[in-house]
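**Student:** can't give you the sequence, but here's the structure:
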């Protein structure tokens, strides 16, 4: 519980510090520039400049970009080539609104359960934070794995790898994403989007043009991760 | 059990059909060609041309390439910026030999447990298959997450994403990898490499120049993965 609370604080902090940063990649492809530098950026540039994005412009994501992103996601490594993924693309404004309202309700319920008296002002504030934050994107993708895939006990590896690919591909085309679990709970997407029990959610991510590309949070040095030959 | 057996068959089949394929990317950087097309290939080319590689040249992986690959892996999305990864790089020939011999023993034990009489010829064949296959690489990376990280219940997402990044980055520099779980069992890497209980293995991958870039196994059509708005 303590850990979960810490993580909530981190997420709030991250949402607050989204300072713009010149990343060396254009946020969306710009007409008149060579395709090479726009829709086909270098691999290491994409890896270096992907960020967790928590505030979006309303600009729609063109269908061809959406499909190029999903097409990259399905190229992820997969156990025995089982390809157990489903990508649920949510763009209907009414559905996005319902997801948001369920998140508002759950946030207020959580506060009440912690002994807080929820005021109308508090409700407005929670809603506005979600509207300007996680729920400001024009599209959402729920990444799922199929429990009836060929080797379902391997899905817990295949699922996150496709999510990682998807987020990189979005960045390559100028879109922001963020791997959301707690902030839009599994139960909310399941209810509102009528996801069958057959599928396990990996995460949900918004997809859209960032209002700004945030700076990277501070990272550990490479040397802290590497061990040679044995422990 | 039946599923596991099917998967073993698939892995064997995949290892057998490694036909060469012109991928449009050079297998290793070649002197005299522009850096842009060699060490800095396009994102979508890398995604499109990554393969599961199961046979390698003995050519060593230079330290700067190894570090560039690990540096990309640590850029993966991570819950609350916790970065729970360890990358155990194995290059000592004696350790690789011990990993291989333990896999030979386990493979023969498995056959005996299935009622097969293990002959000396069978043992030679198992060893040769491993020597020319999974154990032909000059380096191995065990991808681990730290159970004592800040948010360990999120490690099952963070771990595979770093593995996905690592395998793409290797491909970007011309190296093959393959996400191995069963074929080099967790218990084998744990024993031989003295991995503390504090770490959970995601997978082990060989890292090296492929003897050939295999063709992609047949993939489902994109449309089979995509659902719009709700189920």
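**Tutor:** Structure received. Remember, predicted model here, so these are calculated numbers, not experimental data. Residues are numbered from 1 along each chain as shown, chains lettered A, B, ... in the order given.
**Student:** residues near the closest residue to residue A:84 other than its chain neighbours, how many?
**Tutor:** When the adjacent residues along the chain are set aside, residue A:84 lies closest to residue A:149, with 3.3 Å between them (CB to CB, 6 or more residues apart in numbering or on different chains). Backbone N, C-alpha and C define where each C-beta goes, glycine included. Residue A:149 has 22 neighbours, counted by other CB atoms under 10 Å in any protein chain shown.
**Student:** next: residue A:137.
**Tutor:** Counted with other CB under 10 Å, the neighbours of residue A:137 add up to 29.
**Student:** tell me how far it lies from chain B.
**Tutor:** Using CB to the nearest CB, to the nearest Å, one gets 15 Å for the distance from residue A:137 to chain B.
**Student:** one more: residue A:53?
**Tutor:** Noted for residue A:53: a distance of 11 Å to chain B, by CB to the nearest CB.
**Student:** same deal with residue A:198?
**Tutor:** 9 Å.
**Student:** then residue A:160?
**Tutor:** As defined by CB to the nearest CB, residue A:160 lies at a distance of 4 Å from chain B.
**Student:** just residue A:140 next, same as before
**Tutor:** Distance from residue A:140 to chain B, by CB to the nearest CB: 10 Å.
**Student:** returning to that earlier point: got a list of what the residue nearest to residue A:84 touches?
**Tutor:** Shown in contact with residue A:149 (CB atoms under 8 Å, 6 or more residues apart in numbering or on different chains): A:82, A:83, A:84, A:155.
**Student:** list just the nearest of the residues you listed to chain B.
**Tutor:** When the contacts of residue A:149 are ranked by distance to chain B (CB to the nearest CB), residue A:83 comes first, at 5.3 Å.
**Student:** pretty sure the closest one sits in a strand.
**Tutor:** No. Read with DSSP: H, G, I helix; E, B strand; the rest coil, residue A:83 is coil and lies in no strand.
**Student:** that one - nearest residue in space that isn't next to it in sequence?
**Tutor:** Counting by CB to CB, 6+ apart, residue A:83 lies nearest to residue B:220, which is 5.3 Å off, once chain neighbours are set aside.
**Student:** what is the neighbour count of residue A:64?
**Tutor:** For residue A:64, using other CB under 10 Å, the count is 10.
**Student:** hmm, I typed the wrong one, I wanted residue A:62.
**Tutor:** Neighbours around residue A:62, by other CB under 10 Å: 12.
**Student:** distance of it from residue B:136?
**Tutor:** 45 Å (CB to CB, to the nearest Å).
**Student:** residue B:140 versus the residue nearest to residue A:84, what's the distance?
**Tutor:** Counting by CB to CB, the separation of residue A:149 from residue B:140 is 28 Å.
**Student:** which secondary structure elements does the longest helix seen in chain A contact?
**Tutor:** If you go by DSSP state H, chain A has its longest helix at helix A:93-113. The contact analysis (3 or more CB pairs under 8 Å, 6 or more residues apart in numbering or on different chains; DSSP states H and E) places helix A:93-113 against helix A:120-132, helix A:186-192.
**Student:** what comes up buried for it?
**Tutor:** Of the residues in helix A:93-113, A:96, A:99, A:100, A:102, A:103, A:104, A:106, A:107, A:108 count as buried by neighbour count, 16 or more other CB atoms under 10 Å in any protein chain shown.
**Student:** give me the pLDDT for the last one.
**Tutor:** Predicted confidence (pLDDT) at residue A:108: the value is 97.
**Student:** the second one too?
**Tutor:** Residue A:99 is assigned a predicted lDDT (pLDDT) of 98.
**Student:** ok so residue A:141 is a helix residue?
**Tutor:** No. Checked against three-state DSSP, residue A:141 lies outside a helix; its state is strand.
**Student:** that older thread, chain B: which of the buried residues of helix A:93-113 is nearest?
**Tutor:** Nearest to chain B among the buried residues of helix A:93-113, counting by CB to the nearest CB, is residue A:96 at 9.8 Å.
**Student:** mind jotting down where the strands sit in chain A?
**Tutor:** In chain A, the strands defined using DSSP state E lie at A:85-90, A:139-146, A:199-207, A:226-228.
**Student:** make TSV out of those and add mean pLDDT.
**Tutor:** Formatted as TSV, the strands of chain A follow (pLDDT from 0 to 100):
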stretch	mean pLDDT
strand A:85-90	98
strand A:139-146	98
strand A:199-207	98
strand A:226-228	98
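**Student:** TSV for those strands, including mean neighbour count?
**Tutor:** Below are these laid out as TSV (neighbours: other CB atoms under 10 Å in any protein chain shown):
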stretch	mean neighbour count
strand A:85-90	22
strand A:139-146	24
strand A:199-207	24
strand A:226-228	15
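**Student:** does residue A:54 really touch residue A:133, like I thought?
**Tutor:** Yes. Shown here, residue A:54 and residue A:133 form a contact pair, counting by CB atoms under 8 Å, at 5.3 Å.
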